[in-house]
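Enquirer: Mind looking at a prediction? Sequence and model below.
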Amino acid sequence: MALQQPPAPPRVEKVKVREPDTFDGSDPRKLRSFLLACNSHFRDRPYAFPNDEKKILFVLSYLNGSAISWFEPGLMDPSNSAHWMWDFDAFINELEVNFGPHDPVGDAEKSLTELTMKEGSRIVKYNVEFWKLVARVDWNESALTARYFSGLPLRLRTEVMRGGKPTKLASMRLKAQEADDIHWMQQDETQRENRNSGTSGKKDSKTSSSHSHSQSSNPRPNSNTTPKTHSSTNGNSVSSGSKDKTRPNPLANKLGKNGKLTGDKRERRIKEGLCLYCGKSGHVAQDCPKALAAKARAASVESKDSADSKK
């Protein structure tokens, strides 16, 4: 019977801590952030820093400029007699005395007194900076609450005052946080409505423009317009369709302005017994083949025009 293998232990994911930025001692305000980054490594890997010497060597590896130059004599001393060489607290004190703020509490109090939240910013940035400074001063809660309130913009101070001004710092912060959240929620909603309104306006404009273009491109016929008529030279009215043309009259070259044969021609044809229509002998105008053919053609054209106008 095969032995059952024990289950593998769960894999522990390692958190990678960011490397500290180097510190050269030129800006005392950066020392605190530098030491905070170093302490993050000590907490993440306690097995790698079992004693003060390991911690000191780690911090020294991230010093440069005047900061590392300050510790150079002790590092070069073969006797290792420097008082900070084996004592981490003494080493940190050496850093703070020479490269940290000369009056850290006074500097923190000054910064806290001048701290204000800008009108267009969110409260989280103000809170982070406020509590960072609070950790460096020794003020009572009443003073801190008053300072926190006075650093808020007018829009938040007004909301905090509604229903009574909180007397505790924690309650003051929560009420201001809620008011700031509501403010930015309203701002986001207003921007969203403006974007939607702009998009809708563009669509309506395009639809109106398209409709107007369609109407101008395809005008509807006026139902009240009636076809114009033209009078023929013989007195008959001929309806005009889509093409306004005057039909030729077969007697046009034989008639005068009054629609009758000119006097001399008429008299000559009567005397000679000729057809008044074609001028030939052997028949009269009402039996003239040419006159009958012309009438037939005219009737056919009129019938076709009448059918087209009904469509």
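Expert: Ah, there it is. Numbers count the residues shown, from 1 in each chain.
Enquirer: Contact partners for Pro73?
Expert: Ala82 (CB atoms under 8 Å, 6 or more residues apart in numbering). Every residue, glycine included, has its C-beta placed from N, CA and C.
Enquirer: per-residue pLDDT, it?
Expert: Predicted confidence (pLDDT) for Pro73: 92.
Enquirer: With Ala108 instead?
Expert: 89.
Enquirer: Now for the closest residue to it other than its chain neighbours, how many residues are close by?
Expert: Once flanking residues are discounted, Ala108 sits nearest to Arg136: 3.6 Å by CB to CB, 6 or more residues apart in numbering. For Arg136, the count of nearby residues is 16 (other CB atoms under 10 Å).
Enquirer: Phe91 too?
Expert: Neighbour tally, Phe91, other CB under 10 Å: 22.
Enquirer: Centre of the chain to the helix or strand where it lies, how far?
Expert: Remark: Phe91 resides in helix 88-99, with elements defined by DSSP states H and E. Put simply, helix 88-99 sits 53 Å off its chain's centre (CA atoms, centre = their mean, to the nearest Å).
Enquirer: how about the helix or strand following it as CSV, C-alpha atoms only?
Expert: Downstream of helix 88-99, the next assigned helix or strand under DSSP H and E is helix 104-114. Extracted in CSV, the C-alpha atoms of helix 104-114 (Å, rounded to 0.1, in the frame of the first residue of the first chain):
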residue,chain,number,x,y,z
PRO,A,104,11.0,69.4,14.5
VAL,A,105,8.1,70.2,16.9
GLY,A,106,8.2,73.9,16.2
ASP,A,107,8.3,73.2,12.4
ALA,A,108,5.4,70.9,12.7
GLU,A,109,3.3,73.4,14.7
LYS,A,110,4.1,76.1,12.2
SER,A,111,3.0,73.8,9.3
LEU,A,112,-0.1,72.8,11.1
THR,A,113,-1.1,76.4,11.8
GLU,A,114,-0.7,77.3,8.1
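Enquirer: Helix 104-114: which residues count as buried?
Expert: For helix 104-114, the neighbour count (16 or more other CB atoms under 10 Å) marks 104, 107-109, 111-112 as buried.
Enquirer: Rebuild those as CSV, extending it with distance to Tyr62.
Expert: Listed next are these as CSV, based on distance: CB to CB, whole Å:
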residue, distance to Tyr62
Pro104, 21
Asp107, 23
Ala108, 24
Glu109, 29
Ser111, 25
Leu112, 29
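Enquirer: Can you pick out the most distant pair from those residues?
Expert: Pro104 and Leu112 (12.3 Å; CB to CB).
Enquirer: Could you verify that Cys278 is part of a helix?
Expert: No: applying DSSP: H, G, I helix; E, B strand; the rest coil, one finds Cys278 to be coil, outside a helix.
Enquirer: what residues are up against it?
Expert: 288-291.
Enquirer: Low-confidence ranges, the stretch 201-311 of the chain, go.
Expert: For the stretch 201-311 of the chain, the stretches with pLDDT under 70 are 201-263, 298-299, 301-311.
Enquirer: Helices of the stretch 101-250 of the chain, residue ranges please.
Expert: 104-114, 123-134, 141-150, 154-161, 169-217 (DSSP state H, counting those that start in this stretch).
Enquirer: now those in a markdown table, with distance to Trp70?
Expert: Output for those, formatted as a markdown table (distance: least, CB to CB, whole Å):
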| stretch | distance to Trp70 |
| --- | --- |
| helix 104-114 | 19 |
| helix 123-134 | 27 |
| helix 141-150 | 36 |
| helix 154-161 | 45 |
| helix 169-217 | 40 |
